[in-house]
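Trainee: coords below, sequence missing:
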């Protein structure tokens, strides 16, 4: 005979559904469309169904849905474990939970589950803006929980006031919780190594690849997210010489340049001789899920976590899937590989047979007519300078990509030029290779650091000259010097979209400072830095126990403060006139004539005249009180103060009758 | 219903024993005079079932954030956890300084529903979703700081006599349903419950041993006097025709002969047990009152009347209710 639990009211359901949607949305844009679409459909369908007063949804509809989603996930991913399939499964289950949410109990379970789903979105993207959005979504959760608890109000409560009130209360809760949360966050011991399978599955992040087919980094060139940030130890070098070296590509198969696999592990380094001053700098690399580290030409040594290949590219020992900070020293004046080994020479001259016949002919013609290598290089650069255009909207190229580019389209960006130039050099018998990386960067004056964005991705060439070693040649500079001096955005000219306007850039630079603080203070926080937290308290290397103690002490203090603040007695504003009258009554009581509860001022005056026959002061004061209290609606502040002073100045001898 | 009910009964009996034996441990609250103000010495807190579930979810979130070494996720989890756990203070504040000021109950007959009105008051801020549970009845209400809040409890009135209200549980899970705060209220208050009204009672014993058996209507219309109207007079006794000639309303006063009084005597109801007698007497009191016949109630220990009117009726029913053998 248990009573059926009452169904959710409209406002309760709407807030619960909004929370669930807020938890699912950060995942949906990332999930493949075959999951994201149906999940959104289920949510929208349920919302409409409820909006038009639908009853409980029968099991005949629920059951197929519950079976279908895991089945699709297993078909697509092969299993249901790991970050990707796990989040897809969690999202779909959460959406289905909303379908069967009819009572308070269901709604609460849905919200608890939604907070887990919301948090797991941060495993895929931990940028500052995203985290702030998700934290803001938490106040929606609290609003929903609060509305669920609202059982005394009327059931037809409108949604908007409930939402507004709930959001405000949730935000206040979160703000009040911030100190405690930070204390626990800082001191909660971190794991040195993961408990279960380390996260390995890569997500599609844009970034430099180890393959370059002309036209492929175009996607990168319109991506404005930061690639890395740099702080120079000393004065920064001029912008035009900021060539951030990434993967070096040796192998050309006719359409794309790539890097032979064995170079990645080859430690047999190039022979680097440096001269002049070196530049030291700190790089904070955004996660790329790849192994490249970026360094200025030429890195003197590899950071601890990486190796330096023979071609001077830095390769990390593990793929960079979290923020990585490293320090490098580079030498801007160098000589690399004065002698070229036979293997390297063979690689840097090889061309696939049967491609780009016209380009080969042109290069062979240069070779036979021009005196030396320098003249060939100049001829190629002159060719680019005269007849070519820099544009991000390059036409597609056919099978003979270099021929098409050199003789037909003549429009392109760095990749096209680097590829064509290297091809021509090799065809002319000059060892050459393509270097990809980033060029330039933006100085952020607020934070005193440089930020290099994905849109600064660049490709250039290196040629090997007798007696000089590898020399950097940037053919793009021959076409569009602004690209090197001002950056890709300026080079693209008028095609810059509205969201890259100058005033927005200023704002974005400031937000970038915040992002950097977020990255270094929060995202980069790890067990190593945690161990040094307690140094000011004389603990050089905080152990597990120390951290737990610190967390407990800190949160206890904070909770005690919070409890004191919450439980303190409500402040009662005392009227100054009442206070002065009470003081007078206390004086009378001390003198031996305590006023009884039923005594008014007039009675007291009569009694005091009786008790102190010669004394007029008390009666005068009481008359003044009566006047102040009852003669006017609001007594003047000055008069009240004067009355209070008079009361304080009153000296009352003990009542004669009381003594006896 | 049976097994659940039985176990609940066993549990309440166990609690009763525990409270009798270990008053300090179970914090038995003796009956206390009104007003009762709740404060931190008597407000208890425990997480709800949802609170425990939510803690488990938080634990899973924490493990996930730690395992993936993801600090933003960790921060989010910490924030959610801190805000959730700190809501215990908000829960406490919904009950802190709530005052039960007054209690009122209309007397009713056993077998009816006893309606109790409670007056709650709270200063400074509104208190949402307070849940009052007493003797099987439950009601949810909110208290606004501006005015006193009336709360109505409906309890089954089982047995005649004085019904102690007993302990009431005032609880709240506001704001997020993660914690339940509660307190016991045991006001010094008893509601009077009149004896059950016998359903098929014989008619009033008009004309006792010494009275004639003339029916009531026979000579009852004999008008004795007319007097001025008093507010308590029944409308049907107003002499409308006579009043039309005067400025004021006039009331007919009948001369009731001695023999037309009715004597309701406990001792003459032979062959019935005590409760049945009281039940019949209660019915007769009500019947006499509604047909405006003066009545006298004779009980083993007391004699009331003759009289008529609501005060007399109440005195009689009260005497019946408080006969030994009823609820204490």
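Mentor: Nice, thanks for sending it over. Only a predicted model underlies this, so the values are computations on that prediction, with no experimental measurement involved. Numbers count the residues shown, from 1 in each chain, chains lettered A, B, ... in the order given.
Trainee: which residues sit in contact with residue A:297?
Mentor: Contacts here follow C-beta atoms under 8 Å, 6 or more residues apart in numbering or on different chains; on that basis residue A:297 touches A:243, A:245, A:312, A:330, A:332, A:334, A:472. For the C-beta atoms, the positions are set from N, CA and C on the backbone; glycine is no exception.
Trainee: For PyMOL, write the selection for the buried entries among the residues you listed.
Mentor: For anyone working in PyMOL, the buried entries among those, judged by 16 or more other C-beta atoms under 10 Å in any protein chain shown, can be selected with:
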select buried, chain A and resi 243+245+312+330+332+334
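Trainee: In terms of distance to chain B, which of the contacts of residue A:297 ranks first?
Mentor: When those are ranked by distance to chain B (C-beta to the nearest C-beta), residue A:245 comes first, at 29.0 Å.
Trainee: of all the contacts of residue A:297, which comes closest to residue A:104?
Mentor: Closest to residue A:104 out of these is residue A:245 (60.3 Å), distances taken as C-beta to C-beta.
Trainee: Check the gap between that closest one and residue A:459 for me.
Mentor: Noted for residue A:245: a distance of 11 Å to residue A:459, by C-beta to C-beta, to the nearest Å.
Trainee: Then residue A:210?
Mentor: Between residue A:210 and residue A:459 the distance is 13 Å, computed by C-beta to C-beta.
Trainee: Pick out whichever of those two has more residues nearby.
Mentor: The neighbour comparison of residue A:210 against residue A:459 (other C-beta atoms under 10 Å in any protein chain shown) goes to residue A:459, with 28 against 21.
Trainee: Tell me what the more buried one is bridged to.
Mentor: Here residue A:459 sits in beta bridges with residue A:436, going by DSSP bridges.
Trainee: quick one: low-confidence ranges for the chain?
Mentor: I went with chain A, as the question did not name one. Segments of chain A classed as low confidence (criterion: pLDDT under 70) are A:1-4, A:152-156, A:192-207, A:215-223, A:261-269, A:393, A:482-505, A:569-573, A:656-660.
Trainee: that answer is for a different chain, and I need it for chain B
Mentor: Across chain B, residues meeting the criterion (pLDDT under 70) sit at B:1-4, B:19, B:22-30, B:207-225, B:253-260, B:326-328.
Trainee: In terms of residue numbering, what are the domains of it?
Mentor: Listed by automatic domain parsing, the domain ranges of chain B are B:28-194, B:195-220+B:256-328, B:222-254.
Trainee: Over to chain A?
Mentor: Taking automatic domain parsing as the reference, chain A has its domains at A:10-187, A:211-355+A:430-500, A:525-567, A:576-659.
Trainee: picking that back up, mutual contacts of residue A:245 and residue A:459, please.
Mentor: Jointly contacting residue A:245 and residue A:459 under the rule C-beta under 8 Å, 6+ apart are A:435, A:437.
Trainee: Quick check: longest helix in the chain by residues?
Mentor: As the question left the chain open, I've gone with chain A. Longest helix in chain A by number of residues (criterion: DSSP state H): helix A:159-187.
Trainee: Sorry, I should have been clearer: chain B.
Mentor: Longest among the helix segments of chain B by residue count, using DSSP H, is helix B:71-95.
Trainee: Wondering if it reaches chain A at all.
Mentor: Yes - among the residues of helix B:71-95, B:71-83, B:86-87, B:89-90, B:92-93 lie within reach of chain A under C-beta under 8 Å from any C-beta of the partner chain.
Trainee: surely residue B:83 meets residue A:171?
Mentor: No - here residue B:83 lies out of contact with residue A:171, judged by C-beta atoms under 8 Å, at a distance of 9.9 Å.
Trainee: These two: who's more crowded?
Mentor: More neighbours surround residue B:83 than the other of residue B:83 and residue A:171, with 25 against 17 (other C-beta under 10 Å).
Trainee: In contact with the more buried one, which residues are there?
Mentor: A:138, A:142, A:170, A:173-174, A:176-177, A:181.
Trainee: and those near chain B, which?
Mentor: Checked against chain B using C-beta under 8 Å from any C-beta, those give the following subset in range: A:138, A:142, A:170, A:173-174, A:176-177, A:181.
Trainee: and these as a markdown table, adding neighbour count?
Mentor: As requested, the ones next to chain B among the contacts of residue B:83 are exported to a markdown table (neighbours: other C-beta atoms under 10 Å in any protein chain shown):
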| residue | neighbour count |
| --- | --- |
| A:138 | 24 |
| A:142 | 26 |
| A:170 | 24 |
| A:173 | 25 |
| A:174 | 21 |
| A:176 | 19 |
| A:177 | 24 |
| A:181 | 24 |
